[in-house]
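*Asks:* Pasted the sequence and its predicted model underneath.
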Amino acid sequence: MSEAVEATVAEQDTDLTGANRILDKYVDFPGALMPALQEIQEFYGYIPEPTVHLTAERLNVYTSQIYGVLTFYAQFHLEPRGKYIVRVCMGTACHVKGAGRIAETIKDRLGIGHAETTEDLKFTAEYVACIGACGMAPVIMVNDGTYGSLTVQKVDEVIKKYQQMD
Amino acid sequence: MVNLTIDGKQVTVSKTATIYEAAKEAGIHIPVLCYAKKLLPYGACRVCLVEVEQMKGRLIPSCTTPVSEGMVVTTTSDEINKVRKTVLEFLLVNHVVDCPVCDKGGECDLQDLTYEFEVVTNRFEGEKFDLPTDEVNPLIERNMNRCVLCGKCVRVCDEIVGYGSYSFINRGFETKIATAYDRGLNCEFCGQCLSMCPVGALLPRPFKFKARPWQLKEVDSVCGYCGNGCTVTLGVLNKKVETIRFNDKIGVNDGNLCIRGRFGYSYVNHEDRLTMPLVRKDGELVETDWDEALQVVADGLSKAQKGLGVGIISGARLTNEELFVLKKVARTLGTENLDHSGGECYKSVTEGLKETLGVAASTATFPQIEKADVVLAIRSDFYETHPVVGMVVNQAIRRNGAKLLVIADKRGKLDKLPGARTLLSKPGLELDVLNAMAKVLIDEGLAQTEGIEGLAELKTALTDFDPAQVAERSGVDFELLQTAARQLAGAKNVAILMAYGLPYQGFNKELATAAANLALLAGIPGRAGSGLYLCGEKANSQGAIDLGILPQGNGLGAQLMLSAAAEGKLDALYVVAEDPLSSYPDRDKVAKSLEKVPFLVVQDLFLSPTAQQADVVLPAASFAEKDGTFTNAERRIQRVRQGIPTPGKARTDGAIFAAVAGKLGNSLSFTGPAAIFAEIGKEVPAYAEFDFNEIGPQGVVWGGETLQPVSHKVVNAGAGKTVEADFKLVTGSALYHSGTVSTRAKGPIAVLPEPYVELSREDAKGLKVVDGDLVKVNGNGVELQLKVKVGNRLPKGVLFVPYHFAEAQVNRLYKGEAVIAVKVSK
Ligand code: SF4
Ligand code: SF4
Ligand code: SF4
Ligand code: FES
Ligand code: FES
């Protein structure tokens, strides 16, 4: 069992009101699993385990089947995610221009690698493929903001900026 | 029918067949890996590819492609072999090849295919899987490094078992089979998945390193637990049953088993088995030889018979032949006090069905359930009492679109099947719901009334069961009640299912009567394809009824014998294959009877709590140690075969009875099950048409696939009764167990080791308890302490306690009623 799962098991008292309200809309539609899960993720920011059990019960699908769907599609997150999602481009151009070093820096400063989240739930790092801004390689995105032509120093500045925001 | 050519051979098959099936029928071998006869076509592994002239240019998976007229199929060619070889090479890239220590070695499809296609070297190279083995549970080991992703386990657990443990997770190289959240397996442990797995990825743990498959002697017999009558093929080595082998070739269960059938065999090898007769001397039970023990039994019983009399109480796990000899013992003694299984629960059949249909058995066979359009399950959850019937219901729904209706006081697994509708009733009022449904049929003119006797009286009686009022007092949804009745009347093929057994005594005769009324009004009994099924708790419950192990003449039934003994009005009790102290309702009464009765003989496998009270204990044989026949809940007579010798000096019940009769001065002239079976035919006409030695792999069904009722009489079934209390307790069987024997089986006991009380989340919240807490349950003047299990099957205010565990003494509280008012506190 991964630590993340243990963590979600521990917080069994997730407030399920939101999930219940979402599922109300889908109970009578067979095949509504994907949209239901997407909405749940939107609401909670990730898919807490208790909502999976609830979905299984209310839509009458197996928990295992939902877990299969959740692990197949990269869009679903099984663990709480940071407020700021730091996407580090690992595309060819960025790779050549030192994306590795950028990722290292983030790991060093925030302690998180790919798909990891800081304990205070502020940052989640994600290594992604080309995000279409090769001209400014190496590139990272923090939520909707794009930061290009990065150096270690610039990364530090970006991080600091978000650390100061709340 | 469709004509096609396979490898130059003309083949004619049904038009629904696939190429693979057509080839198989014609005796042409096509290798397969992900195909399984009992699962829906899948087509994932590409081992079964063939060439079809009409579809040139690509190879076609034979296991999913239906045949068509004039098809010309080639199953082997260089090209085909090359592709198959490549598939295998790919599988072998990541698969750890640890055949020498894999229990599947010798019967592994991957091993066999690798050999068949001579995959000596591999053109591809890659990382070997290195996943941890799941051995959290005691029964099934999952080693995903050996998995070939055929998906059979995923499919069988869904399509047949209806549990849904597994799913494919992740993608690419990371793809694997896992449970939700990739945790250790925690399920029903029916083992269907491991019986389907073509490789050594899923294995029975109790069998680890016990034997190579080819060393095992296979003995086809019948499961000794419930009335489903599943075929179990014993895997025997060195006089020990080491495993139950997969066998989908014979019997009624298509290779499906539940945890009891697959893993419950181990009590047979239990070290606590009785191996010597015991006689009480100076207050102690001491070992002795048969001669002395039998003499003491014969003397004691004769003396008692001359005094206040002898009572004989049997279980329903003896073979028909043994039961027959037991009857001879009763006659030799001259006692009419004969009964089985606590004497009450089977009255649903012997009285409920008998009074209405004139027959004392289910009217149709199990294979017909799969073709039913509507299935109505009454009270107990078949997935727990008769799990393999539950699986058939699941298939009826998933394959054939059957509608499932359940009338019960709690939600069970049946309720989760697609489209299932549960008429959730207050405990004790299911009877009223059935009556109200009958009233709907009559009032709406849907009832079949021709040739039905007693209709006028029934109509009068049903005035008390206005559907709206019944809905109101039982809590069942009014519209659902009406719809259910209409569905029953409108469907072509209907199966009505009800289980009976020790924990389901309350209103059992009445419920069966009401079910029979409903069935008659819907024209079900005797109609081909439809049936009313009453399924007994024990392997040979039906046989015990057929053979008349019932009070003879003016004799006493089990409960009256126990009362008589408790009042000092009976001088001896001979208890066979039963543990009344643990499993009969009203333990205190049973305890008093056993204490009071001057002479007690107990014949069993273990020194049960009842046996501990005995004056003489006779060690008997388990189902795996004897030959004979069982009759299952659909009237199918099947062969039970001996796989191993009895331990120590133990003897079969039949041999013991014959010896007792001998000591009593009546040496029976027949020996051996075949001869006795022939004798049975002389007294039980239904059995007369069969010859023991000609009972084939599918058994024989007395009365035919559809049993014609002798009468068509509707009878007032009376009204149910619930209790008014904050907490209402109901008892029943838990899936993992059957009677109390399974509590000696390593499999079931490891999964469900202790008694518990199940309650709803709401009640758990109200009582401020969580799983595992102890609560006091107080009712009928008795207080028990039980562990809490929180679940979502139960409505608020209803508690469930399984009855299997002797030490919990649930039967001190349960006196045979349908529902008990209790108080619960921390
Ligand atoms: S043992 Fe039965 S319930 Fe458990 S995973 Fe296997 S098939 Fe499913
Ligand atoms: S575990 Fe066995 S049955 Fe399941 S997918 Fe793997 S190989 Fe097939
Ligand atoms: S207990 Fe019943 S359902 Fe289970 S394997 Fe035995 S006969 Fe079949
Ligand atoms: S490679 Fe990084 S943005 Fe294109
Ligand atoms: S057996 Fe046909 S594709 Fe697997």
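*Replies:* Nice, I can see it. Residues are numbered from 1 along each chain as shown, chains lettered A, B, ... in the order given. Ligands and ions are numbered 1, 2, ... in the order given.
*Asks:* So which bits of chain A are right by chain B?
*Replies:* By C-beta under 8 Å from any C-beta of the partner chain, the part of chain A that sits against chain B consists of A:1, A:5, A:49, A:52, A:57, A:60, A:62-68, A:71-72. Where C-beta positions appear, they are placed from N, C-alpha and C, glycine not excepted.
*Asks:* give me that answer again for 7 Å
*Replies:* A:1, A:5, A:60, A:62, A:63, A:64, A:65, A:67, A:68, A:71, A:72 (C-beta under 7 Å from any C-beta of the partner chain).
*Asks:* Verify the stated contact: the third one with residue B:419.
*Replies:* No - between residue A:60 and residue B:419 there is no contact under C-beta atoms under 7 Å: 9.4 Å.
*Asks:* higher neighbour count, those two?
*Replies:* Ranked by neighbour count (other C-beta atoms under 10 Å in any protein chain shown), residue A:60 and residue B:419 place residue A:60 first, with 15 against 11.
*Asks:* what pLDDT does the closest residue to that one other than its chain neighbours get?
*Replies:* In space, and not counting its chain neighbours, residue A:60 is closest to residue B:416: 6.3 Å by C-beta to C-beta, 6 or more residues apart in numbering or on different chains. Residue B:416 carries a pLDDT value of 89.
*Asks:* Residue B:382 now?
*Replies:* Residue B:382 carries a pLDDT value of 88.
*Asks:* Just give the number of residues close to residue A:76.
*Replies:* 18.
*Asks:* same thing with residue B:451?
*Replies:* Using other C-beta under 10 Å, the number of residues around residue B:451 comes to 9.
*Asks:* What residues does the closest residue to it other than its chain neighbours make contact with?
*Replies:* Closest residue in space to residue B:451, ignoring its immediate chain neighbours: residue B:712 at 5.5 Å, by C-beta to C-beta, 6+ apart. Residues in contact with residue B:712 (C-beta atoms under 7 Å, 6 or more residues apart in numbering or on different chains) are B:451, B:452, B:453, B:520.
*Asks:* Residue B:521 versus the first one, what's the distance?
*Replies:* So that's residue B:451. 12 Å (C-beta to C-beta, to the nearest Å).
*Asks:* Just the local confidence number for the residue of chain A most remote from its centre, please.
*Replies:* Here chain A reaches farthest from its C-alpha mean at residue A:28, the gap being 29.4 Å by C-alpha atoms, centre = their mean. Note on residue A:28: pLDDT of 80.
*Asks:* tell me the domain boundaries of chain A?
*Replies:* A:2-72, A:84-160 (automatic domain parsing).
*Asks:* Ok, which of those domains comes nearest residue B:464?
*Replies:* Across the domains of chain A, residue B:464 has its closest neighbour in domain A:2-72 (36.4 Å, C-beta to C-beta).
*Asks:* Show me how the record splits chain B into domains.
*Replies:* B:2-76, B:128-269, B:278-343+B:542-686, B:347-535, B:727-825.
*Asks:* For these, could you give me CSV that also reports distance to ligand 1?
*Replies:* Formatted as CSV, the domains of chain B follow (distance: least, C-beta to the nearest ligand atom, whole Å):
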stretch, distance to ligand 1
domain B:2-76, 12
domain B:128-269, 3
domain B:278-343+B:542-686, 22
domain B:347-535, 10
domain B:727-825, 10
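*Asks:* closest to residue A:96 out of these?
*Replies:* Distance to residue A:96, taken as C-beta to C-beta, is lowest for domain B:128-269 among the domains of chain B, at 25.1 Å.
*Asks:* Does at least one residue of that closest one sit close to ligand 3?
*Replies:* Yes - Domain B:128-269 reaches ligand 3 (C-beta under 6 Å from any ligand atom) through B:223, B:225, B:226, B:228, B:229, B:230, B:253, B:257, B:258, B:260, B:261.
*Asks:* Kindly report the same for stretch B:354-366.
*Replies:* No - on the criterion C-beta under 6 Å from any ligand atom, stretch B:354-366 is out of touch with ligand 3, staying 10.6 Å away.
*Asks:* List of residues touching stretch B:71-79?
*Replies:* Stretch B:71-79 is contacted from outside by B:4-7, B:19, B:23, B:28, B:30, B:50-54, using C-beta under 7 Å, 6+ apart.
*Asks:* Could you give me the PyMOL syntax to select whichever of these are buried?
*Replies:* Applying 16 or more other C-beta atoms under 10 Å in any protein chain shown to the contacts of stretch B:71-79 leaves a buried subset, and the PyMOL line that selects it is:
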select buried, chain B and resi 4+6+19+23+28+30+50+51+52
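*Asks:* Can you add pLDDT and give the contacts of stretch B:71-79 back as JSON lines?
*Replies:* JSON lines is the format used below for the contacts of stretch B:71-79 (pLDDT from 0 to 100):
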{"residue": "B:4", "pLDDT": "96"}
{"residue": "B:5", "pLDDT": "96"}
{"residue": "B:6", "pLDDT": "97"}
{"residue": "B:7", "pLDDT": "96"}
{"residue": "B:19", "pLDDT": "97"}
{"residue": "B:23", "pLDDT": "97"}
{"residue": "B:28", "pLDDT": "97"}
{"residue": "B:30", "pLDDT": "96"}
{"residue": "B:50", "pLDDT": "96"}
{"residue": "B:51", "pLDDT": "95"}
{"residue": "B:52", "pLDDT": "95"}
{"residue": "B:53", "pLDDT": "93"}
{"residue": "B:54", "pLDDT": "91"}
